[in-house]
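Q: got a predicted structure here, sequence first:
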Amino acid sequence: MSQTQIIENNKNDELADIISEKYARIILQGTMNHPKSAKKISAEYHISLSTVYRRIETLLEKKLLSITGIIDKDGKKYFLYQSKAKKFSIHFDQNTIQLELIPNHK
């Protein structure tokens, strides 16, 4: 069963800005079902690697991505990133904005 998290009012604008940004959204959507490396995200979605790393840094700071490390058979270390969000909902009324996050349990 999914658990909805209602984001505090003072963080609504900040998170709304992040998820409205094209590349941040692509990274969150692209890593929702399976973790991916920055290099794979860059290649798969045709985003420059430097842009991917900048957006990943922001998403990690805001706790919207999880990170795991793996070591391949050649001993090279890779980091894999996965979205912590499965779904965002934004609700507006006359005086308030409410942002809801459905966590990704994959």
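A: Done, it's in.

Q: could you use CA atoms for every contact and neighbour count after this?
A: Will do.

Q: for the residue nearest to the spatial centre of the chain, which non-adjacent residue is closest in space?
A: Nearest residue to the geometric centre of the chain (Cα atoms, centre = their mean): residue 28, 3.7 Å. Distance criterion Cα to Cα, 6 or more residues apart in numbering; nearest residue to residue 28, sequence neighbours excluded, is residue 83 at 5.1 Å.

Q: which SSE is immediately downstream of whatever helix or strand the residue nearest to the centre of the chain lives in?
A: Taking DSSP states H and E as the definition, residue 28 sits inside helix 22-30. Counting by DSSP H and E, the next helix or strand C-terminal to helix 22-30 is helix 38-45.

Q: buried sites along the helix or strand just after that next one?
A: Downstream of helix 38-45, the first helix or strand assigned by DSSP H and E is helix 49-61. Neighbour counts over helix 49-61 (16 or more other Cα atoms under 10 Å) mark 52, 55, 56, 59, 60 as buried.

Q: how about low-confidence regions in the protein?
A: Applying pLDDT under 70 to the chain flags residues 1-11, 106.

Q: for residue 62, see how far away the closest residue to residue 30 other than its chain neighbours is.
A: Distances taken as Cα to Cα, 6+ apart place residue 41 nearest to residue 30, at 7.5 Å, with adjacent residues excluded. Counting by Cα to Cα, to the nearest Å, the gap from residue 41 to residue 62 is 19 Å.

Q: neighbour-wise, which of those two wins?
A: residue 41 (22 against 13; other Cα atoms under 10 Å).

Q: that one: what's it in contact with?
A: Shown in contact with residue 41 (Cα atoms under 8 Å, 6 or more residues apart in numbering): 27, 30, 47, 52.
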